[in-house]
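[1] no letters, just coordinates:
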C-alpha cells in the first residue's frame, strides 16, 4: 500500500485495523494476535476472521433474545396455570 508516496507495510495496516476495532472485537483481536503470524496475515484473511466473528455475535444475540422471549412466555403460562388451579380449589 502507498500513502502520500510512502510504502505502508501489510503488518502496519493490520495492526492499525486491529487497534481501531470496537471493544466487542477484543476477544477475537487477542486470539488473532496470539495465534496468527501477523507478518504473513493478509488484510483479506483478517476481514474474513472479523466478519465471521461478527456474524457469530449477531447469531448469539438473536438466540439470547429468542430465549428471553421463550422464558417470558413460559413464565406467563405458569402464572396462568397457577391462577386456574387457585380458581378450581
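    That came through fine. Just so you know, these numbers come straight off a predicted model, no measurement behind them.
[2] C-alpha from now on. contacts and neighbour counts both.
    Will do.
[3] and the helices in the protein?
    Under the criterion DSSP state H, the chain contains helices at 10-20, 26-35, 43-88.
[4] worst mean pLDDT among those helices?
    Mean pLDDT is lowest for helix 43-88 out of the helices of the chain, coming in at a mean of 72.
[5] list the contacts of the nearest residue to residue 39 once chain neighbours are set aside.
    Counting by C-alpha to C-alpha, 6 or more residues apart in numbering, residue 39 lies nearest to residue 11, which is 5.3 Å off, once chain neighbours are set aside. Residues counted as contacts of residue 11 (C-alpha atoms under 8 Å, 6 or more residues apart in numbering) are 38, 39, 40, 41.
[6] do you know how far residue 11 is from residue 31?
    Using C-alpha to C-alpha, to the nearest Å, we find residue 11 at a distance of 16 Å from residue 31.
[7] what do you get for residue 53?
    Distance from residue 53 to residue 31, by C-alpha to C-alpha: 11 Å.
[8] neighbour count winner among these two?
    residue 53 (16 against 10; other C-alpha atoms under 10 Å).
[9] I'd assumed residue 26 was in contact with the more buried one.
    No - look at residue 53 against residue 26 with C-alpha atoms under 8 Å: they stay out of range, at 10.8 Å.
[10] rewinding a little: and which of the contacts of residue 11 is nearest residue 59?
    Distance to residue 59 across the contacts of residue 11 (C-alpha to C-alpha) is lowest for residue 41, with 26.3 Å.
[11] grab the nearest non-local neighbour of the closest one.
    Closest to residue 41 by C-alpha to C-alpha, 6+ apart is residue 11, at 7.7 Å.
[12] of the contacts of residue 11, buried ones?
    residue 38 (16 or more other C-alpha atoms under 10 Å).
[13] thanks again, I'm all set now.
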